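> Return a 3D structure for these sequence lines:
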Amino acid sequence: MPLHTSDLSASDVLAHLPNVAKENSESYRTATPFPHCAIQNLFPDTLLEEVVSEFPSQAWTALNNPQYSQQKTISKGVEDFGPATRRLFSLLSSPRFLQFLEELTGVRGLMPDPYLYAAGLHEIKTGGFLALHSDFNHNAHLGIYRRVNVLLYLNKDWRPEYEGALELWDLEMQQSASYLPSWNNTIIHNVTADCIHGFPQKIQCPEHMTRKLAAAWYYTRDIPLDEQAGYDMFDPAFLASPTTRPKNNTLLKLVPPAFVSLWRMLRGANTRGSHKADILRAASRFLPPVLVKALTSKPD
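The predicted structure follows:
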């Protein structure tokens with residue numbers, strides 16, 4: 001009688017992760033066009049097969065825009081997940097998986113989003129696409145910053161001619177990488193203003209197939225000032241094509257990140273919400289330490 005994945009503890013299922021992180025951490029951090037990696041067979045096939053079997057029972061939200069996205073749906077929330085899907089996302093938010101991500105990426109203090117905002121199960125039908133874009137970096141509900149994406153693909157027998165490959169581009173649209181959304185292939189990548197990705201070519205898979213994945217975003221309480229400055233200077237959002245380049249890219253290279261963030265924050269132009277702590281964090285690059293301490297210390 002085959003062993004059911006529910007009979008295995010998180011320690012059993014994820015026991016191999018420390019070795020995976022050790023083997024891939026260097027290549028992850030030096031990858032082009034930005035830090036990322038593709039890892040095959042990170043999770044048990046039996047668990048993923050159970051997750052796929054639960055896809056039809058989910059409640060879905062359609063995300064369609066004639067210019068940016070077509071035929072894409074996202075699961076509405078964890079309350080609609082089947083038992084196998086709950087099991088998978090429990091593993092993705094477990095302490096052991098978070099430790100794995102930190103060792104792999106070098107980003108410390110990672111935490112999952114229990115609400116799975118814009119994450120969860122994704123499904124795209126034939127004819128669908130997702131334009132090249134950069135991701136939002138701030139979760140306003142939780143007040144935390146998005147730093148790492150995990151994309152676990154759930155498509156057996158996916159062929160190159162079906163399109164739908166995940167494309168990764170740098171901000172200059174000069175360097176790129178591409179990965180088929182094949183079965184049990186996990187793409188992990190950093191989230192910054194210059195991490196451009198998507199699958200702009202329309203999917204051409206048979207009608208009975210769809211492009212499926214499980215997606216999870218990971219956050220930290222704060223964000224490095226230089227990365228926030230990238231979002232403050234410009235928000236690439238959706239890009240029409242690899243020839244479209246964000247405005248002010250040259251300026252961003254010339255202006256110190258601290259000046260960019262401080263200028264935007266003090267003017268109240270940061271659409272993700274300017275808070276006293278953010279302003280002081282940027283100002284600390286210019287102010288004497290004793291003054292920063294005085295401004296941030298709480299009264300007795």
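> what ranges do the helices span in the stretch 151-300 of the chain?
225-233, 249-254, 257-266, 276-283, 289-296 (DSSP state H, counting those that start in this stretch).
> which one's the longest strand in this protein?
The single longest strand within the chain, with elements called by DSSP state E, is strand 120-133.
> List the buried residues of that one.
For strand 120-133, the neighbour count (16 or more other C-beta atoms under 10 Å) marks Gly120, Leu121, His122, Glu123, Ile124, Thr126, Gly128, Phe129, Leu130, Ala131, Leu132, His133 as buried. In this view, the C-beta of every residue, glycine as well, is placed from N, C-alpha and C.
> and if you look at stretch 35-55?
Applying 16+ other C-beta under 10 Å to stretch 35-55 flags 35-39, 42-44, 47-48, 50-52, 54-55 as buried.
> And those residues, which is closest to Asn137?
Taking C-beta to C-beta as the measure, Asn137 lies nearest Pro35 of these, at 15.1 Å.
> Report the contact partners of the closest residue to the closest one other than its chain neighbours.
Leaving aside its chain neighbours, Pro35 sits nearest to Asn190 (4.5 Å; criterion: C-beta to C-beta, 6 or more residues apart in numbering). By C-beta atoms under 8 Å, 6 or more residues apart in numbering, the residues touching Asn190 are Phe34, Pro35, His36, Thr105, Val107, Arg147, Val148, Asn149.
> so the fourth one makes contact with Ile188?
If I follow you right, that is Thr105. Yes. The criterion here is C-beta atoms under 8 Å, and Thr105 meets it with Ile188 at 7.2 Å.
> Quickly list what's touching both of these two.
Joint contacts of Thr105 and Ile188 (C-beta under 8 Å, 6+ apart) are Tyr28, Val148.
> pLDDT averaged over the longest helix seen in the chain, what's the number?
For the chain, the helix reaching the highest residue count under DSSP state H is reported as helix 17-30. The average pLDDT within helix 17-30 is 97.
> again with stretch 49-56
Computed over stretch 49-56, the average pLDDT equals 96.
> For it, which outside residues touch it?
5, 81-85, 87-88, 121, 123, 154, 212, 214.
> if you set the cut-off to 7 Å instead, what comes out?
Thr5, Gly82, Ala84, Thr85, Leu88, Leu121, Glu123, Leu154, Lys212, Ala214 (C-beta atoms under 7 Å, 6 or more residues apart in numbering).
> Now do the fifth one: how many residues are near it, please.
Using other C-beta atoms under 10 Å, Leu88 has 26 neighbouring residues.
> Quick check: which helices or strands does the helix or strand hosting it pack against?
Leu88 belongs to helix 83-92 when assigned by DSSP states H and E. On a contact count with 3 or more C-beta pairs under 7 Å, 6 or more residues apart in numbering; DSSP states H and E, helix 83-92 meets helix 45-53, strand 210-220.
> re the thing from before, and which of the buried residues of stretch 35-55 is nearest to Ser27?
Cys37 (6.3 Å).
> In contact with the closest one, which residues are there?
Going by C-beta under 7 Å, 6+ apart, Cys37 touches Asn24, Ser27, Tyr28, Ala31, Ile188.
> May I have the phi/psi pair for Gln71?
Backbone geometry at Gln71, expressed as degrees, to the nearest 10, gives phi 60, psi 30.
> Look up how far Ile39 lies from the closest residue in space to it that isn't next to it in sequence.
In this structure, Gln71 finds its nearest non-sequential neighbour in Gly128, 2.9 Å apart by C-beta to C-beta, 6+ apart. The gap separating Gly128 from Ile39 is 25 Å, by C-beta to C-beta, to the nearest Å.
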